[in-house]
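> for reference, the sequence and a predicted model appear below.
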2 protein chains.
Amino acid sequence: MTKKRALLAVLTFSFALAFGALATAQTAGLLPSWNDGKTKQSIIEFVAKVTKEGAPDFVPPAERIATFDNDGTLWAEQPMYFQLLFALDRVKVLAPQHPEWQDKEPFASLLKGDVKGALAGGEHAMLDIVMATHAGMTTEEFEKIVQEWVATAKHPVTKRPYTEMVYQPMLEVLAYLRANGFKTFIVSGGGIEFMRPWAEGVYGVPPEQVIGSSIKTKFEWRDGKPVLVRLPELNFVDDKTGKPVGINEYIGRRPIAAFGNSDGDLEMLQWTTAGRGARLALIVHHTDAEREWAYDRTSSIGRLDKALDEAQARGWTVVDMKRDWKVIYPLETR
Amino acid sequence: MTKKRALLAVLTFSFALAFGALATAQTAGLLPSWNDGKTKQSIIEFVAKVTKEGAPDFVPPAERIATFDNDGTLWAEQPMYFQLLFALDRVKVLAPQHPEWQDKEPFASLLKGDVKGALAGGEHAMLDIVMATHAGMTTEEFEKIVQEWVATAKHPVTKRPYTEMVYQPMLEVLAYLRANGFKTFIVSGGGIEFMRPWAEGVYGVPPEQVIGSSIKTKFEWRDGKPVLVRLPELNFVDDKTGKPVGINEYIGRRPIAAFGNSDGDLEMLQWTTAGRGARLALIVHHTDAEREWAYDRTSSIGRLDKALDEAQARGWTVVDMKRDWKVIYPLETR
């Protein structure tokens, strides 16, 4: 062996070592906040299957659509949906402009601090609160209100900003899927214009990939400029059977992966898994009363009952939060 | 100069020449089906402005949203909207299953070949025809019907497949914008599920970037599989003031460029240009009776009246089809 060839051999060997180490590091580094086990493995195996060119389950990038519920799947939802906490905060801010609320339910109870009493009126009371706090302004004004709230409001239990109560393991799944050519969408029962102002910064999901419930808007001119005014009228409820309807309307393509946590996501998971080829249906089961909350079959928020049965019967991936997640929130990784 | 340095100098010079030629070729090759002139120039200058990093009008890629009307902007719309021609074809196919249509307007007139008589009933007649031909089946069934029609039907005047009656110069604009980091959306008064089956192949616009008018759908189970059934009930009319509403609902971000051809696009152009920074508003003016059609202020299909006045008053780009386009349809480039 000449000196030159010996050098070449050494270099080649070093490169092989280096690349080998890199490959191992890449696999080991996947989804770092997930404990090893069958849950994590099912996600990684699914992605490997649909991205391997020539393999029977290969899916072209344009068709790699993944949909994520938001409340309870990407961020927490206890003790009540964060958007409802936003609405309650807004009622307090707006109360001085609405003296009539002092004697009018559900506002009267709310202003006395009696949230339970206010919500005793059921769906009707909730709708009154939403319309009073979400309608009547332009879309730009509402966007600013949400941005300011998200930047300043704190969760009543953890005292953390709401956007720090997103699930670190799910942020990793979003990024992992995108790195593998997926387009990630949010498909939430929450308000589409409540999520869009922060979803891009927090989840990396741009506004055009956020689908949610909405109220109607109306084009008009104010001060010589065109605006869209938010009307106190429901446009679309993106929950339960509404989720496949919304997916079809906004995306026009069936997802190959869907992530949820409650019975409100059941039809989205059914719709997703009814397509041909490899599919991933995943349910986040809240089992960690210590680090987050533990709830399922009897919870009024985020009830997981029928969907849990169906997941077990059909072999869907069920995340046991306590067992599968090393950390819950991003701050815990710092 | 040593031999080595001389060689280096020659090589450098050759590279400079080669790259210089390449740069010129790239500029000259832009929008090849557009004649040189201020129309073509306004498109190229706009793109240069918003993509130049550090420049005052620079727009980050995520915000480079461009919206295109379809009928009369991306493909022809005479002697009537192609989707209406599709509906008329469907009435003939479905007639044997509907003996009652023989005595019922607007179907009776249609089946006698009297399209004008059928449409004399105005919007109501049109809606009856659309609902009879677009509703009652699942979304998958409708997709197949559209695909088959698009693959086989011929235009009554040109005898060409409808998808060959798209505008080559506009295909070049779509591709040019995408090559410059834009996301291109269709925002059409036409049916969202009528366009999606072929928009990706013909325009390179994926289903999730197609916005249009829609009817309601309903999630249900058929033969043990979940389906979405198309209902004879309007969901959304994506025309006139509906266009900014649709843009906000589906995209959630204001476009920086919008392309239309009729008064139905006026509010979309107003909404687009009302944003801060550089904006491109472009109107295709049908001025070529020989190669396509010539129509504007008094046409019943694709009327361009108010929007033409506003374009002139506000300095929007107006395409004079006869003067600005070297070719109309893709086949003419072969």
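Looks like it arrived, so ask away.

> which bits of the stretch 1-150 of chain A sit near chain B?
By the rule Cβ under 8 Å from any Cβ of the partner chain, the part of the stretch 1-150 of chain A lying against chain B is A:A62, A:I65, A:T139. Quick note: C-beta positions are derived from backbone N, CA and C, even for glycine.

> look up which residues are beta-bridged to the second one.
Using DSSP bridges, the bridge partners assigned to A:I65 are A:K183.

> most neighbours, which of the residues of the stretch 1-150 of chain A next to chain B?
Greatest neighbour count in the residues of the stretch 1-150 of chain A next to chain B, by other Cβ atoms under 10 Å in any protein chain shown, goes to A:I65: 25 neighbours.

> ok, that residue touching A:L177?
No - A:I65 is not in contact with A:L177 according to Cβ atoms under 8 Å; the separation is 9.9 Å.

> got any residues that touch both of those two?
Counting by Cβ atoms under 8 Å, 6 or more residues apart in numbering or on different chains, the contacts common to A:I65 and A:L177 are A:A257.

> backbone dihedrals for the spatially most central residue of chain A, please?
The residue lying closest to the centre of chain A (Cα atoms, centre = their mean) is A:N70, at 2.5 Å. Backbone geometry at A:N70, expressed as degrees, to the nearest 10, gives phi -100, psi -70.

> and it, what's its pLDDT?
Here the pLDDT value assigned to A:N70 is 98.

> give me the nearest residue to it, chain neighbours excluded.
Among residues not flanking A:N70 along the chain, A:S188 sits closest, at 3.7 Å (Cβ to Cβ, 6 or more residues apart in numbering or on different chains).

> how many neighbours does A:K306 have?
Neighbours of A:K306 (other Cβ under 10 Å): 12.

> OK, contacts around the closest residue to it other than its chain neighbours?
Counting by Cβ to Cβ, 6+ apart, the nearest residue to A:K306 once its immediate chain neighbours are dropped is A:D263, at 5.1 Å. By Cβ under 8 Å, 6+ apart, A:D263 lies in contact with A:K240, A:R303, A:L304, A:D305, A:K306, A:A307.

> chain A: strands as residue ranges?
Secondary structure of chain A (DSSP state E): strands located at A:65-68, A:183-191, A:210-222, A:225-236, A:257-260, A:280-285, A:317-320.

> helices and strands around the second one, which ones?
This points to strand A:183-191. Where contact means 3 or more Cβ pairs under 8 Å, 6 or more residues apart in numbering or on different chains; DSSP states H and E, strand A:183-191 is packed against strand A:65-68, helix A:168-179, helix A:192-203, strand A:210-222, helix A:242-250.

> winner for burial among the strands of chain A?
Counting by mean count of other Cβ atoms under 10 Å in any protein chain shown, strand A:257-260 has the highest mean neighbour count of the strands of chain A, with a mean of 30.

> A:I301: neighbouring residues, count only.
The number of residues packed near A:I301 is 15, by other Cβ under 10 Å.

> any idea how far it is from chain B?
Going from A:I301 to chain B by Cβ to the nearest Cβ, to the nearest Å gives 23 Å.

> cool, and A:G242?
Distance, A:G242 to chain B, by Cβ to the nearest Cβ: 8 Å.

> with A:L110 instead?
For A:L110, the distance to chain B (Cβ to the nearest Cβ) stands at 29 Å.

> which of the residues in stretch A:315-334 are buried?
Residues A:W316, A:T317, A:V318, A:V319, A:M321, A:K322, A:D324, A:W325, A:V327, A:I328, A:Y329, A:P330 are the ones in stretch A:315-334 that count as buried (16 or more other Cβ atoms under 10 Å in any protein chain shown).

> go on, stretch A:49-56?
Going by neighbour count (16+ other Cβ under 10 Å), the buried part of stretch A:49-56 is A:K49, A:V50, A:T51.

> any idea how many residues pack against the nearest residue to the second one once chain neighbours are set aside?
To tie it back to what came earlier, the one meant is A:V50. Leaving aside its sequence neighbours, A:V50 sits nearest to A:V59 (Cβ to Cβ, 6+ apart; 4.3 Å). Using other Cβ under 10 Å, A:V59 has 19 other residues around it.

> pretty sure A:V59 is touching A:G277, no?
Yes - judged on Cβ under 8 Å, A:V59 makes contact with A:G277 at a distance of 6.7 Å.

> nearest residue to the closest residue to chain B within the stretch 51-200 of chain A in space, please, no chain neighbours.
Residue nearest to chain B within the stretch 51-200 of chain A: A:R196 (4.7 Å; Cβ to the nearest Cβ). Using Cβ to Cβ, 6+ apart and skipping the chain neighbours, the partner closest in space to A:R196 is A:P207 (4.2 Å).

> noted, bye for now.
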